[in-house]
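Peer 1: structure of the sequence below:
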Amino acid sequence: MELAARRTRKERVGIVISARMNKSILVGIERQIQHPTYGKFIKKTSKLIAHDENDDANKGDTVRVAETRPLSRRKRWRLVEILERAK
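Peer 2: Purely as a prediction, here's the structure:
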């Protein structure tokens with residue numbers, strides 16, 4: 001089996017928090033976890049820095065990002081597509 005066929009890259013859907021950097025965006029990935037004692041569901045947010053080659057994404061857009069090789073110290077994701085523009 002080929003190496004490329006075995007490799008599966010993670011993909012996440014999130015909302016752009018900031019698009020002020022050059023060719024980079026900050027994406028918030030929201031997930032729900034259950035509190036271990038009380039059982040209530042809590043929203044947790046992870047922040048990812050993603051590479052946006054054409055500076056297409058704006059604040060509030062819903063985007064899909066994929067894992068990639070390290071592009072800089074904190075940038076390990078790239079923009080795949082913009083699913084929905086901010087209203």
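Peer 1: residues contacting residue 42?
Peer 2: Counting by C-beta atoms under 8 Å, 6 or more residues apart in numbering, residue 42 touches 32, 33, 34, 35. Any C-beta I mention is one placed from the backbone N, CA and C, and that applies to glycine too.
Peer 1: what's the closest of those to residue 57?
Peer 2: Relative to residue 57, the closest of the contacts of residue 42 is residue 32; by C-beta to C-beta it sits at 24.3 Å.
Peer 1: to what extent is the closest residue to the closest one other than its chain neighbours buried, counted in neighbours?
Peer 2: Nearest non-adjacent residue to residue 32, counting by C-beta to C-beta, 6 or more residues apart in numbering: residue 41, 4.8 Å away. Counted with other C-beta atoms under 10 Å, residues neighbouring residue 41 total 9.
Peer 1: ok, residues contacting stretch 24-39?
Peer 2: Taking C-beta under 8 Å, 6+ apart as the rule, stretch 24-39 contacts 12-19, 40-52, 57, 63, 65, 75, 77, 79.
Peer 1: go again with 7 Å.
Peer 2: Residues outside stretch 24-39 that contact it (C-beta atoms under 7 Å, 6 or more residues apart in numbering): 12, 14-19, 41-52, 57, 63, 65, 75, 79.
Peer 1: cool, stretch 73-84 as well?
Peer 2: With C-beta under 7 Å, 6+ apart as the criterion, stretch 73-84 contacts 11, 13, 24-25, 48-52, 56-57, 61-68, 70.
Peer 1: tell me which of these fall in strands.
Peer 2: Using DSSP state E, the members of the contacts of stretch 73-84 that fall in strands are 11, 13, 24-25, 48-51, 62-67.
Peer 1: buried ones among these?
Peer 2: Buried members of the ones in strands among the contacts of stretch 73-84, scored by 16 or more other C-beta atoms under 10 Å, are 24, 25, 48, 49, 50, 51, 62, 63, 65.
Peer 1: from what I can see residue 50 touches residue 65, true?
Peer 2: Yes: counting by C-beta atoms under 7 Å, residue 65 is a contact partner of residue 50 at 4.5 Å.
Peer 1: understood, closing this out.
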